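# here is the input, now give the coordinates:
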Amino acid sequence: MTVRSLVAATAISSLFASSAAAQEAIVTYKSLSPEVALDLARATLADCRKRGFQVSVAVVDRFGVTQVLLRDRFAGPHTVSTASGKAWTAVSFRTSTTELVANSQPGTMQSGIRDLPGAVIIGGGVTVEAAGSLVGAVGVSGAPGGDADEACAKAGIDAIRDKLDF
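Model prediction:
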């Protein structure tokens, strides 16, 4: 009787262990649809235009892969890679690039992030969250300063906020 109970207990515990392992093998996450990413880029570009700025806007997914890139007619050629870099940097570090500017000043412990390949530590990259989950980031380049780039990015996010509650 004791051996039978021990075998049954072992079988049941191994069943639960394999079930838990299977659950850990699959990850689910929230992601921006291409339509929402495009709406975000368009809303951001529209806000910059309203302010008189010719910019590029990049929207990346939660992994930093570009989903949408828009460049206004007279935005400088450098703005394309800069906007993409700002968005990638924001999502990679899970914070706005403006905060990274402040936190990575020369002489601080975090100053080394400025030297990482691909990191663009200039204001204008803002993370996008939906229901507490990071779903991507938007980067803007071409306005007269990172603070103006960031203002456009935040206005774009605010314009699609209702679509982020999925």
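# low pLDDT regions in this protein?
Where the chain drops to pLDDT under 70, the residues are 1-23, 166.
# show me where it has strands.
56-61, 66-71, 125-130, 133-141 (DSSP state E).
# which of those strands is buried the deepest?
The highest mean neighbour count among the strands of the chain, using mean count of other C-beta atoms under 10 Å, belongs to strand 56-61: a mean of 29. C-beta coordinates here come from the backbone N, C-alpha and C atoms, glycine included.
# and the angle from that strand to strand 125-130?
40 degrees (axes from the mean of the first three to the mean of the last three C-alpha atoms, to 10 degrees).
# pull up the pairing partners for strand 56-61, direction included.
Its sheet considered, strand 56-61 pairs with strand 66-71 (antiparallel), strand 133-141 (antiparallel) by DSSP bridges.
# nearest to residue 97, out of the ones you listed?
Taking C-beta to C-beta, strand 133-141 is the member of those nearest to residue 97, at 7.7 Å.
# from the middle of its chain, how far away would the closest one be?
Distance of strand 133-141 from the chain centroid (C-alpha atoms, centre = their mean, to the nearest Å) equals 4 Å.
# mind listing what the closest residue to residue 126 other than its chain neighbours touches?
Closest residue in space to residue 126, ignoring its immediate chain neighbours: residue 153 at 4.3 Å, by C-beta to C-beta, 6 or more residues apart in numbering. The contact partners of residue 153, by C-beta atoms under 8 Å, 6 or more residues apart in numbering, come to 44, 57, 124-126, 138-140.
# for residue 153, give its distance to residue 107.
According to C-beta to C-beta, to the nearest Å, residue 153 stands 28 Å off from residue 107.
# can you give me the helices in this protein?
Remark: helices assigned in the chain by DSSP state H are 2-25, 34-50, 78-93, 97-103, 146-159.
# re earlier: now render the strands of the chain as TSV, adding distance to residue 95.
Formatted as TSV, the strands of the chain follow (distance: least, C-beta to C-beta, whole Å):
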stretch	distance to residue 95
strand 56-61	14
strand 66-71	19
strand 125-130	7
strand 133-141	10
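# go through these and name the closest to residue 159.
Among the strands of the chain, if distance is taken as C-beta to C-beta, the winner is strand 133-141, at 11.1 Å.
# could I get the contacts of residue 153 as a markdown table with distance to residue 94?
Below are the contacts of residue 153 laid out as a markdown table (distance: C-beta to C-beta, whole Å):
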| residue | distance to residue 94 |
| --- | --- |
| 44 | 20 |
| 57 | 20 |
| 124 | 16 |
| 125 | 11 |
| 126 | 11 |
| 138 | 14 |
| 139 | 14 |
| 140 | 18 |
